[in-house]
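**Q** Have a look at this prediction, sequence included:
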Amino acid sequence: MAAATADGGEDFVVERVELEESDDDFDYGEVEVDTDEELEELEEDEDFDTAMRHVQTLQTKEESDKPAEATVDRQHELVDDFIRNFFLRMNMRKALDTFQTEWYEMIQSGEIKADNVGKVPDVYQRNTELENRITSLSVELDKAKEIAHKARSTWDKFRKERDFHRMHHRRVAQEKNGLVKDLRRLKEHIAKYEPTLEGLEHKYQLAMKEKAMARLQVDRLNARVQTLETQLKQVPPSRSAGSMGMMAPGEFGDAARVGTSNVPGTASNNKSSSRAGTSSKSPTKAAATRGKTVSGSAPQGSTLPPDDRENPFLGVEIEPVEVEKFEEKKSFQAHMAAISSVAVHPRKSVVASASDDSTWKMWAIPTGDLIMTGDGHKDWVSGIDFHPHGTHLATASGDGTVKLWSFQHSKCVATFTEHSQAVWSCGFHDMGDFLVSGSMDQTCKLWDLATERSRLTLRGHVDSVNHVVFQPFSNNIATCSGDKTVSLWDARSGLCIQTFYGHLNSCNHVAFNARGDTLASTDADGSVRLWDIRMVQEKLEAPVGPHAANKCTFDRSGHRLVVASEDGSVKVLNTEDGAVLAELKGHEDGVQGVAFDAQGQNLVTCGSDNTFRLWS
């Protein structure tokens, strides 16, 4: 680009030229480069001063080799041009027009000659340039200060983060060292207990072998008893009544059960003697209610009803209760500790509650009036159930006992103490002659209320039996255990009919529908499973977790299942597809029990918040 200077001192473009790479044959000279050896010698020999002199020599040589640059002489700016530029810079257009008019008039008139006009000194121009440079440098300095301030802030931030991460690293290292020490100590601790564990495992294996041998012995004895009974049935009646002085074949079976039930260990002998006196005075009544009697005054054991009884609900279609529309009507602060279970009177609007405060209470609903309080257990009360006739109440407790309470006498009339650990649950047979209980000692016991003795013991679970219930209008017992299984037992033989597998955690509760053909079970994972008793298979699974499902109950139709959950809600399920129809919320802590009233139109729940609530 070439430039020229006009009379006014302003630069303007004459021509714009773009330079391109040429393909000429110009011979460019080669630049000599020192070899690596020469450079190494220089690095070894020269010191700092020598290096500086060498660099200066090279710079001088390069400057001398450069071609001389063309210089342009700059002319001084005229005064009139300076004034014009001043007016333009200050945007004084009118003053500029007046100055131009008067200036050219004076030149035309000859008053001023262009050659005599002075020039602006270079010092003034230089000062102006320096002022402009100072202004630009000040702007750049402010920007640099701002950048420096941001850089300092960023550096402070990084320094703080570095200190934080350094402290975090030290803390993690300390925690790591502590964990390593704990691991070493635990390994040493485990190493000390390994011999003990091996010894316990050996003892457990021996105990299981002895248990298997005991079962085989029991089976052999049962087979022998059956053989003897068959032989006795084949003996002529005259020989049996005359020479041998024995009972009739039908009476022998009852006498054998009585002998088994008269093993000491539950109720006191005084109570047995008093009951014996009563039965001797009225043998006809005793035979009608408790079974046949022998030629003595001792009380005889109750007889289980026949297995061919018909369930009256099998041929009845009941409309399902719309539990999903229930709302909380009343709440009652019933106990001083968590309420673990509730039971509803079979005929009256009465509910009984069992609590961790070692008491049970009976209430009138819907008013909530306290009717009766039971105080006699030495530990928490976990299970409660009404007698089918509504005359008695049974409770199970953590003190290892099961108590029978009479409403007529307003006191405990029997205490069963054969369980070796806490008893979780109890339930009456629909005839009211038997009571079943499940305990932490991994067994279930069938109690004969006539003799106040244990009729038989059900063994098979390998963990705590958490709940027991009779199948409606049947002699079968359903149990659930901490070993993740649900079992069905025959109360006549004491044998396990079927075991249902599928739960992945401890089973908390089991419940039959009114027809008795479907069994529901809940576990600690919040899983609810329905089992078909006739087909002996799982019908469906309804996960309502992740919180534990504590209790469940069917409505009268069997189409709705109500589940008490540990999250403080009551979930309503459709038994056809397992869908959750509604969640009833009101409890402030986990819900521990749930039951319908006798009419099936109201729902009673209890929980760890020490309350029971009425829903309808």
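**A** All right, it came through fine. Keep in mind that this is a model prediction, so the values were computed, not measured.

**Q** Residue 97 is in what secondary structure piece?
**A** Per DSSP states H and E, residue 97 falls inside helix 93-109.

**Q** Would you map the strands across the stretch 351-500 of the chain?
**A** For the stretch 351-500 of the chain, applying DSSP state E, counting those that start in this stretch gives strands covering 359-364, 369-375, 381-386, 392-397, 402-406, 411-416, 423-428, 434-439, 443-448, 453-459, 465-470, 476-481, 485-490, 496-501.

**Q** TSV for those, including mean neighbour count?
**A** (Glycine included, C-beta is placed from N, CA and C.) Converted to TSV, the strands of the stretch 351-500 of the chain look like this (neighbours: other CB atoms under 10 Å):
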stretch	mean neighbour count
strand 359-364	21
strand 369-375	13
strand 381-386	26
strand 392-397	25
strand 402-406	21
strand 411-416	17
strand 423-428	26
strand 434-439	26
strand 443-448	26
strand 453-459	20
strand 465-470	25
strand 476-481	26
strand 485-490	21
strand 496-501	15
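
**Q** Select, out of these, the one closest to residue 64.
**A** In terms of CB to CB, the element of the strands of the stretch 351-500 of the chain nearest to residue 64 is strand 496-501, at 102.2 Å.

**Q** The closest one: partners in the sheet, and parallel or antiparallel?
**A** Strand partners for strand 496-501, identified by DSSP bridges, are recorded as strand 485-490 (antiparallel).

**Q** can you list contacts of the strand it pairs with?
**A** Contacts with strand 485-490, where a contact means CB atoms under 8 Å, 6 or more residues apart in numbering, come from 444, 458, 460-461, 471, 475-481, 495-501, 503, 507, 510, 519, 521, 531, 533.

**Q** re the thing from before, please state the offset of the following helix or strand past the helix holding residue 97 from the chain centre?
**A** Counting by DSSP H and E, the next helix or strand C-terminal to helix 93-109 is helix 122-234. How far helix 122-234 lies from its chain's middle: 20 Å, per CA atoms, centre = their mean, to the nearest Å.

**Q** Helix 122-234 - what's its average pLDDT?
**A** The average of the pLDDT scores along helix 122-234 is 89.

**Q** Mind giving me the packing neighbours of it?
**A** Packed against helix 122-234 by the contact rule (3 or more CB pairs under 8 Å, 6 or more residues apart in numbering; DSSP states H and E) you find helix 249-261.

**Q** Test my guess that residue 426 contacts residue 468.
**A** Yes. Judged on CB atoms under 8 Å, residue 426 makes contact with residue 468 at a distance of 7.1 Å.

**Q** Now do the shared contacts for these two.
**A** 436, 437, 438.

**Q** pLDDT weak spots in this protein?
**A** For the chain, the stretches with pLDDT under 70 are 1-48, 65-77, 114-116, 118, 236-299.

**Q** Just give me the residue closest to the centre of it.
**A** Centroid check for the chain by CA atoms, centre = their mean gives residue 546 as the closest residue, at 4.8 Å.

**Q** Would you mind measuring from that one to residue 428?
**A** 34 Å (CB to CB, to the nearest Å).

**Q** Equivalent analysis for residue 454, please.
**A** As judged by CB to CB, residue 454 and residue 428 stand 15 Å apart.

**Q** Likewise for residue 590?
**A** Distance of residue 590 to residue 428, given as CB to CB: 27 Å.

**Q** Touching, residue 321 and residue 560? I think so.
**A** Yes. Between residue 321 and residue 560 a contact is recorded at 6.2 Å, counting by CB under 8 Å.

**Q** element containing the residue nearest to the centre of the chain?
**A** Judged by DSSP H and E, residue 546 forms part of no helix or strand.
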